[in-house]
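Peer 1: Make a model of this:
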Amino acid sequence: MLFSALQLCFWEIHQWKQWENGIQKDDPGNGPKKVTDVHRHEFIKKRFKGIGKESIILSWLHSFGKQFYRSVSKSDYTTMRLGFIMTHCPGNPKFDFHRYMVRVLEADFKKVVGISWYLWVFVVIFLLLNVNGWHTYFWIAFLPLFLLLAIGTKLEHVIAQLAHDVAEKHTAIEGEVVVKPSDDHFWFGKPRVILFLIHFILFQNAFEIAFFFWILSTYGFDSCIMGQVRFIVPRLVIGVLIQLLCSYSTLPLYAIVTQMGSCYKKEIFNEHVQQGVLGWAQKVKMRKGLKGAANKAESTSNADSAGPSATIEMAKAGADVEAVGNTE
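Peer 2: Numbering: from 1, shown residues only. The predicted model follows:
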């Protein structure tokens with residue numbers, strides 16, 4: 001189930017490659033820049049819903065509905081791509097954002113296909129709550145659905161916030177809209193929280209469907225542990241809906257919107273450069289450790305030659321420095 005969701009997700013994201021190729025071919029950065037009304041820009045026009053409390057509610061409602069149909073448009077991709085490049089690699093306007101995004105997604109979902117300890121805790125609780133008359137399997141099927149809808153709405157709202165930031169600060173722009181990526185748009189200021197929730201949703205949904213078919217093959221459809229038909233059918237329908245929505249909307253949204261954080265990922269470099277940078281960092285760390293050890297040995301030798309009084313003074317000085325560091 002997890003692999004099928006990822007395959008469908010990559011198929012959806014692969015269609016964005018034609019947008020990337022079109023941008024690379026047109027290279028709009030070399031053409032003349034025109035001053036345009038910011039509210040007439042396609043990205044702003046589709047996402048900006050005015051100013052005030054009513055606009056905030058309208059923006060959230062629009063974000064909720066947008067995840068079901070064309071969750072990412074060409075204007076969304078073009079604008080977020082430009083915002084990422086202008087923030088993290090302004091010297092390389094021909095940066096292949098699509099390839100970087102796919103590399104990050106592949107790295108992230110190497111963790112999703114694994115099973116963490118907290119997921120096993122959930123499985124144990126899930127089995128212990130299977131009490132006759134509670135219909136636990138039915139009610140718990142709604143948990144990943146609600147979480148998935150909340151995540152999709154939040155990711156769409158992040159795009160809306162980017163549009164609001166530009167629309168509220170500018171009346172006119174020269175050239176294209178440039179959004180400002182920031183971790184502040186995400187829950188707790190951490191885009192990684194969304195990956196954790198998606199991991200839980202996919203695991204829970206896959207486990208429940210697998211558990212259903214295990215009971216069906218082991219005990220049969222008419223067994224008491226299977227439950228009533230009016231609870232079984234909705235569970236299966238919800239499971240299929242979660243799989244489709246996550247594959248075609250939420251995961252592609254995650255792939256591009258989480259790049260709107262404050263930091264870029266190490267996948268911005270190719271594999272050869274990554275290995276070189278990591279090797280260089282390890283060498284620097286080893287040199288610092290050797291240098292620190294040599295300085296410590298030298299200071300100890302000087303203290304021994306200076307006598308007990310000098311050693312006491314150095315110890316006092318070290319204690320004062322440590323106290324100042326703890327205060328800061």
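Peer 1: which stretches of the stretch 151-300 of the chain form strands?
Peer 2: In the stretch 151-300 of the chain, the strands defined using DSSP state E, counting those that start in this stretch lie at 172-174.
Peer 1: so where's it uncertain?
Peer 2: Using pLDDT under 70 as the threshold, the predicted model of the stretch 151-300 of the chain has low-confidence ranges 171-175, 224-227, 270-285, 288-300.
Peer 1: ok, the residue nearest to residue 199 when sequence neighbours are not counted - how many residues close by?
Peer 2: Sequence neighbours aside, residue 112 is the residue nearest to residue 199 in space, at 4.9 Å (criterion: C-beta to C-beta, 6 or more residues apart in numbering). Any C-beta I mention is one placed from the backbone N, CA and C, and that applies to glycine too. Counted with other C-beta atoms under 10 Å, the burial measure for residue 112 works out to 20 neighbours.
Peer 1: what's the spacing between residue 112 and residue 195?
Peer 2: Between residue 112 and residue 195 the computed distance is 7 Å (C-beta to C-beta, to the nearest Å).
Peer 1: about what we covered before: now do the residue nearest to residue 199, the pLDDT please.
Peer 2: Residue 112 is assigned a pLDDT of 73 by the prediction.
Peer 1: Domains in the protein, by residue range?
Peer 2: The record's domain split for the chain, according to automatic domain parsing, is 2-268, 275-327.
Peer 1: which of those sits most buried?
Peer 2: Most buried of the domains of the chain by mean neighbour count (mean count of other C-beta atoms under 10 Å) is domain 2-268; its value is a mean of 16.
Peer 1: what distance separates that one from the centre of its chain?
Peer 2: Centroid separation between domain 2-268 and its chain, computed with C-alpha atoms, centre = their mean, to the nearest Å, is 8 Å.
Peer 1: With adjacent residues omitted, what lies nearest to residue 96?
Peer 2: Spatial nearest neighbour of residue 96, chain neighbours left out: residue 20 (6.7 Å); criterion: C-beta to C-beta, 6+ apart.
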